[in-house]
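1. Got a predicted model here, sequence first, then my questions.
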Amino acid sequence: AAHKINLIPQDFFAELCEQIIQHLNHKIPGVNTAELCQRIQTSGIEINVGDLAKIANIVSFLFSTAAKNNLSTEELIITLSNAVSTLPKHVVQVIRHVWNEQGKSISVSEDAGNMTAAGQFVDMKWKLGVAMSSDSCRSLKYPYVTVMLKVAEPSGQITDRSFEMTIPQFKNFFRQFKEMAAVLETV
C-alpha cells in the first residue's frame, strides 16, 4: 500500500489528511475512504479501497503520534524523512502544510488508550421486503426487514454493515430498543 501513495493526486491526499485531522479532533466520526476512493477512481487513478484505508491508517498513526509527542512541523518532517526516504514531494508538502495549519489542534486524551475499541454509529437505513418465490417454493410471500448500518470503526474507517430479520426477529429487536429507551429515560 505504501507505494500506492505515489498514485494519489495532491488534492485528494490533502482532503484525506484534512479528514484524518477532523477525525482525530472528534469533529467527524471517521474517514470515508470508500467515498474518497470512488472519487479518486473516477478521476482515472487505479487504487482500491483497501490500499487507501491502509494509507489513511498510516497517516492517522503519524498525526496522532506526532500530537502525543508534541512535535513541531520541522520535527515531524525530519522524523518522517529519516523513517521513509522515498515519499513523493507532494505528500511531504501536504503533510507539512496540514500539520503546520492544524497539527496543534489535535487533542490527545491520556485515557484514550484505556477505552474499549468500539465502533461509533453514523447512520441507519432500513427497508421492508417480501420474498415472492424461490427455486424450491413458488408462492413464498415471506416478509423481512433489511437494516443497513454505517459505522465508524475505532481506526476511523467508515464501514457499512447490513443484516436481514424475519418479522418476529424484528419485533424482538424493536422490543429491546424500547427497553433501552426506557432505561435511558431514567438516567
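-> Right, received. Where do you want to start? Note that the coordinates shown come from a computational prediction; the quantities given were computed from them, not determined experimentally. Numbering: from 1, shown residues only.
2. how does this protein divide up, domain by domain?
-> 2-105, 120-185 (the TED database).
3. Just the helices from this structure, written as ranges.
-> 10-24, 33-42, 49-68, 73-83, 89-102, 167-186 (DSSP state H).
4. Could I get those helices in CSV, plus columns for distance to Pro143, mean neighbour count and mean pLDDT?
-> C-beta here means a position set from N, CA and C on the backbone, and glycine is covered the same way. Shown next, in CSV, are the helices of the chain (distance: least, Cβ to Cβ, whole Å; neighbours: other Cβ atoms under 10 Å; pLDDT from 0 to 100):
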stretch, distance to Pro143, mean neighbour count, mean pLDDT
helix 10-24, 39, 20, 92
helix 33-42, 30, 16, 92
helix 49-68, 33, 19, 90
helix 73-83, 56, 14, 85
helix 89-102, 49, 17, 91
helix 167-186, 5, 10, 88
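5. closest to Gln120 out of those helices?
-> Across those, Gln120 has its closest neighbour in helix 10-24 (10.3 Å, Cβ to Cβ).
6. Name the residues that touch the closest one?
-> Helix 10-24 is touched from outside by 5, 8, 28-33, 36, 39-40, 43, 45, 52, 55-56, 59-60, 63-64, 67, 90-91, 93-95, 97-98, 102-103, 105-107, 152, 156, with contacts defined as Cβ atoms under 8 Å, 6 or more residues apart in numbering.
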